[in-house]
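**Student:** sequence-free structure coming up:
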């Protein structure tokens, strides 16, 4: 059943984000000038985290992606979301453990504070300042075409398999089509998953797992064990 009432997620994201998410076959990315001017790093993510702002939940985003992409993508939604969550967690883990970010926290706390408070402050610093050389996140769309986004996310998944062995089979890969993956990433890029408690992920899994179980006779999955594994993995 469909109606003309906008979904909760389309009320949360800006018009540019929604247009980007719905335009599956275009390379054009609509971004406001402030976002274009910022480098994709952990500070940008902290400042734009929709979960922290309480504007949405991971479950709401997954519901929208299922409606827009995953439901007709011919893939296992649980498996593909699981891969994307791990790829994003790994990307955030690298950013948080970046030596330049660590230097900024320890040696330049005032600059770090201003970077969070004043748009464009980082661009006023010297080129060799650690805040000018933070790890650049890979889990984003920006102006990249679908093939480049697929390459970046696939590389993150390969890193996950190397660094966090046992989570995925060595042959695991992203099965979403490039254009579909690009949409998924566009909706997930502005949420920060690397938090001390994984209730937001658990809630999403509790929705996804029953959907998958209905399609797999004789098999049953639970969200909590997967979230426990996630928690232990990313907090090493």
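**Tutor:** Received, thanks. Remember, predicted model here, so these are calculated numbers, not experimental data.
**Student:** biggest helix in the protein by residues?
**Tutor:** helix 77-96 (DSSP state H).
**Student:** What average pLDDT does that helix get?
**Tutor:** Mean pLDDT, helix 77-96: 89.
**Student:** swap in stretch 130-137?
**Tutor:** The model assigns stretch 130-137 a mean pLDDT of 94.
**Student:** helices and strands of this structure: which one bottoms out on pLDDT?
**Tutor:** Ranking every helix and strand in the chain by mean pLDDT, DSSP states H and E puts helix 33-37 at the bottom, with a mean of 39.
**Student:** picking that back up, buried set for the longest helix of the chain?
**Tutor:** Neighbour-count burial for helix 77-96 flags 77-78, 80-96 (criterion: 16 or more other C-beta atoms under 10 Å). Placement of C-beta: from N, CA and C, glycine included.
**Student:** which secondary structure elements does it contact?
**Tutor:** helix 42-48, helix 58-68, helix 146-163, helix 178-188, helix 199-215, helix 223-234 (3 or more C-beta pairs under 8 Å, 6 or more residues apart in numbering; DSSP states H and E).
**Student:** Please enumerate residues in contact with the longest one?
**Tutor:** Residues outside helix 146-163 that contact it (C-beta atoms under 8 Å, 6 or more residues apart in numbering): 27, 83-84, 86-88, 90-91, 138-139, 141, 144, 167-168, 170, 172-174, 178-179, 181-182, 185.
**Student:** With the shortest one instead?
**Tutor:** By C-beta under 8 Å, 6+ apart, the surrounding residues in contact with helix 42-48 are 35, 38, 52, 92, 95-96, 98, 101, 112, 115-116, 122, 131, 134-135, 137, 190, 192.
**Student:** switch to 6 Å and redo it
**Tutor:** 38, 95, 115, 190, 192 (C-beta atoms under 6 Å, 6 or more residues apart in numbering).
**Student:** ok, which pair from those is furthest apart?
**Tutor:** 115 and 190 (18.0 Å; C-beta to C-beta).
**Student:** The two - which one has more neighbours?
**Tutor:** Each of residue 115 and residue 190 has its neighbours counted (other C-beta atoms under 10 Å); residue 115 has more, 24 against 20.
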